[in-house]
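Colleague: Sequence and predicted structure below; questions after.
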Amino acid sequence: MPDQHYDIIVIGSGPGGASLAQRLAPSGKRILMIERGDYLKRGIENWDAKTVFVDNAYLPNETWYDRGGNPFHPGLHYFVGGNSKMYGAALFRLRARDFEAVPHADGMSPAWPLSYADFEPYYTQAEQLFRVHGLRGEDPTEPPASAPYPFAPVSHEPRLQQLHEDFARQGVRPFHMPLGILLDERDGKVAPTSTCIRCAAFDGYPCLLNGKADAQVICVDPTLAAHANVSLLTNTCATRLQTDASGQRVSAVQVEREGRYEQYSADIVVVACGALSSALLLLRSANAQHPDGLANGSGMLGRNYMRHNQSVMMAVSRERNDTVFQKTLAVSDYYFGADDYPHPLGLIQMTGKSHADTLRGEALPGWLEWLPEFPFHDIAHHALDFWLSSEDLPRPENRVRLERDGRVVLELHANNLQAHERLKQKLKALVRGAGKHPFERRFEVGKDIPIGGTAHQAGTARFGRDPRSSVLDIHCKAHELDNLYLTDASFFVSIGAVNPTLTIIANALRVADHIKERLGVG
């Protein structure tokens, strides 16, 4: 067993933990990364839709419960690189107004304790680190940026370029999605030496070629290769954080590894397990000084859970869609409202192509009887697929908690649904104007998206200046513990309507700079 004391322990190797460790590695401090999973095994099955979406081969065998006591399986991924091994690598900045108080039909989206200007330099650094491809000035709601994207946008294939033009003719301003991808294109064609080959297995799949800019590829592996002061324990689950007698410092990290319990200690402990798992770790760490969970004097730990109101919609027409890499186009014109609605609606973006295995068994709406009797693979060939995200508002009653018997309960009370329904209608109007016919479907066969879909989890340990209403201070250090930080999406005060990963990365870099200053290292 390695030496048990480190300068810094980072629990979790997803974007929040890995980005922080990568930033701190050149300091020379001894850093231990702890990951409950292993490296995701690379094999041709990584690209098999049935394996990924129907068999759910990469999800843990865990059962949680909703507020009615009904069991479900959470959409979590325990691998080196965390949930980013399966993410779609859409790396958007929150809009500048998202950091301010924004009124919605169901209430106010609260202001953050810091402004967009505080995050902007770190957004730029995060885009550079994660090799984001995009084009400044296309997105009508994009916030100010101090530098261009480091790489040119991923090109549209012909069918997507046609859709771009169809939408533009109707008055909206579609744009290339900002994507974290190891892709080298030349004149719209994949270069022979490109890691990414623009295959159909990108969004929601693990990348067999390591062409997706995930936390393992971008941060973990290069950091371990370059810095002997950084080490990684895999298949090691942090089960509890212990405090000293005062209750003001984390004194030990208890883990389960290879069937036995071990303890490690550090001057600074960073938790980055994902918003849900981080809150659960702190709740499980309750002790005499922190009877309701570690750092939970405000009672806010586990509360204010957000995950976006999300839908996948499919547009089907007689015209074939032979696009392979479909995740290149987005529409943000309705992000902060529309002519017929004063409140924010959200973001429309393309998602990965439908596959016959993900459609099989799903009920198709009766109005599709105009279609020939297509087999599922033919329906997929004629489909365009969209992902819609609208903001859900932070509510204390939306929470993750532990029962006395250790069962995990995720309580959700839906809000702001009117905005999401209106966003659906906007998309339907756009695709009908382009000659397509939209209908909804479930994204993953057999999954209850509102409760089991945890890809955009955020907000369970919000940061703020007032310890009475927040868990973390503005540096994402626990108000009540001097050496405990959180750097996943737990700290979010609101979630806007864009994918949260780039904000997680930017914040992790920001917190890392604070820790370097605290430790007196350059």
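Modeller: It's in.

Colleague: Pull the number of nearby residues for the nearest residue in space to L410 that is not next to it in sequence.
Modeller: Nearest non-adjacent residue to L410, counting by Cβ to Cβ, 6 or more residues apart in numbering: V400, 5.2 Å away. In this view, the C-beta of every residue, glycine as well, is placed from N, C-alpha and C. Per other Cβ atoms under 10 Å, the neighbour tally for V400 reads 25.

Colleague: what kind of secondary structure is G69 in?
Modeller: coil (DSSP: H, G, I helix; E, B strand; the rest coil).

Colleague: Now do it, the pLDDT please.
Modeller: G69 carries a pLDDT value of 95.

Colleague: With the one 3 residues further on instead?
Modeller: Per-residue confidence (pLDDT) for F72: 92.

Colleague: What is the neighbour count of it?
Modeller: A count of nearby residues for F72, using other Cβ under 10 Å, gives 16.

Colleague: Quickly run through the sheet partners of the helix or strand hosting the residue nearest to L410, with directions.
Modeller: V400 is part of strand 399-402 when elements are defined by DSSP states H and E. Take DSSP bridges as the rule and strand 399-402 pairs in its sheet with strand 408-411 (antiparallel).

Colleague: what is the mean pLDDT for the strand it pairs with?
Modeller: Strand 408-411 comes out at a mean pLDDT of 97.

Colleague: what does stretch 88-105 give?
Modeller: Taken as a whole, stretch 88-105 has an average pLDDT of 98.

Colleague: in it, what's buried?
Modeller: For stretch 88-105, a neighbour-count test (16 or more other Cβ atoms under 10 Å) marks 88-99, 102, 104 as buried.

Colleague: can you redo the residues you listed as CSV with distance to R186?
Modeller: Below are the buried residues of stretch 88-105 laid out as CSV (distance: Cβ to Cβ, whole Å):
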residue, distance to R186
G88, 24
A89, 21
A90, 23
L91, 23
F92, 26
R93, 28
L94, 33
R95, 33
A96, 34
R97, 37
D98, 36
F99, 38
V102, 42
H104, 44
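
Colleague: Looking at the residues you listed, spot the one nearest R23.
Modeller: L91 (17.0 Å; Cβ to Cβ).

Colleague: The closest one contacts F151, doesn't it?
Modeller: No. Between L91 and F151 there is no contact under Cβ atoms under 8 Å: 11.3 Å.

Colleague: who touches both of these two?
Modeller: V132 (Cβ atoms under 8 Å, 6 or more residues apart in numbering).

Colleague: Show me which strand runs longest in the chain.
Modeller: In the chain, taking DSSP state E as the definition, the longest strand is strand 260-271.

Colleague: Now it: buried residues?
Modeller: E262, Y264, A266, D267, I268, V269, V270, V271.

Colleague: Include distance to V493 when you put those residues into TSV, please.
Modeller: Shown next, in TSV, are the buried residues of strand 260-271 (distance: Cβ to Cβ, whole Å):
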residue	distance to V493
E262	35
Y264	31
A266	28
D267	28
I268	23
V269	23
V270	20
V271	18
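
Colleague: Hmm, E391 is touching P103, no?
Modeller: No. With contact defined as Cβ under 8 Å, E391 does not count as touching P103 (11.4 Å).

Colleague: Quick check: neighbours shared by those two?
Modeller: Counting by Cβ under 8 Å, 6+ apart, the common neighbours of E391 and P103 are S109.

Colleague: any low-confidence regions in the stretch 251-400 of the chain?
Modeller: Scanning the stretch 251-400 of the chain with the threshold set as pLDDT under 70 gives 356-377.

Colleague: Scan the protein for its longest helix.
Modeller: helix 501-519 (DSSP state H).

Colleague: residues of stretch 52-65 that come out buried?
Modeller: Across stretch 52-65, burial judged by 16+ other Cβ under 10 Å covers V52, F53, V54, N56, Y58, L59, W64, Y65.

Colleague: Which single one of these is nearest to V521?
Modeller: Y58 (37.2 Å).

Colleague: Look up the closest residue to the closest one, ignoring the ones flanking it.
Modeller: Setting aside the residues directly before and after it, Y58 is nearest to H77 in space (Cβ to Cβ, 6+ apart), at 5.9 Å.

Colleague: Could you do V331 as well?
Modeller: Excluding the flanking residues, the one nearest V331 by Cβ to Cβ, 6+ apart is I348, at 4.2 Å.

Colleague: Just give the number of residues close to the one you found.
Modeller: 26.

Colleague: For it, give the beta-bridge partners.
Modeller: Using DSSP bridges, the bridge partners assigned to I348 are V331, L388.

Colleague: Tell me the gap between stretch 487-495 and the middle of its chain.
Modeller: 11 Å (Cα atoms, centre = their mean, to the nearest Å).

Colleague: should've said stretch 66-86
Modeller: 12 Å.

Colleague: now stretch 269-276
Modeller: 13 Å.

Colleague: Repeat that for stretch 195-203.
Modeller: The answer for stretch 195-203 is 19 Å, by Cα atoms, centre = their mean.

Colleague: swap in stretch 249-261?
Modeller: 27 Å.

Colleague: Give me the buried positions along it.
Modeller: So for stretch 249-261, counting by 16+ other Cβ under 10 Å, buried means R249, V250, S251, A252, V253, Q254, V255, R257.

Colleague: Give me the distance between the nearest residue to R23 once chain neighbours are set aside and L129.
Modeller: Closest residue to R23 apart from its sequence neighbours, by Cβ to Cβ, 6+ apart: A512 at 3.7 Å. Remark: distance between A512 and L129 (Cβ to Cβ, to the nearest Å) = 11 Å.

Colleague: Need the overlap of contacts for the two.
Modeller: S19.

Colleague: Quick one: residues contacting the residue nearest to R23.
Modeller: S19, L20, R23, L24.

Colleague: before we move on, which element is A225 in?
Modeller: Using DSSP H and E, A225 falls in helix 221-226.

Colleague: again, but for P467
Modeller: Per DSSP H and E, there is no helix or strand for P467.

Colleague: can you map out the helices along the protein?
Modeller: For the chain, applying DSSP H gives helices covering 15-24, 49, 116-129, 158-169, 215, 221-226, 275-284, 356-359, 376-381, 417-433, 449-452, 501-519.

Colleague: could these go into JSON lines alongside distance to G180?
Modeller: Formatted as JSON lines, those follow (distance: least, Cβ to Cβ, whole Å):
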{"stretch": "helix 15-24", "distance to G180": "10"}
{"stretch": "helix 49", "distance to G180": "22"}
{"stretch": "helix 116-129", "distance to G180": "8"}
{"stretch": "helix 158-169", "distance to G180": "19"}
{"stretch": "helix 215", "distance to G180": "10"}
{"stretch": "helix 221-226", "distance to G180": "15"}
{"stretch": "helix 275-284", "distance to G180": "20"}
{"stretch": "helix 356-359", "distance to G180": "23"}
{"stretch": "helix 376-381", "distance to G180": "26"}
{"stretch": "helix 417-433", "distance to G180": "25"}
{"stretch": "helix 449-452", "distance to G180": "24"}
{"stretch": "helix 501-519", "distance to G180": "8"}
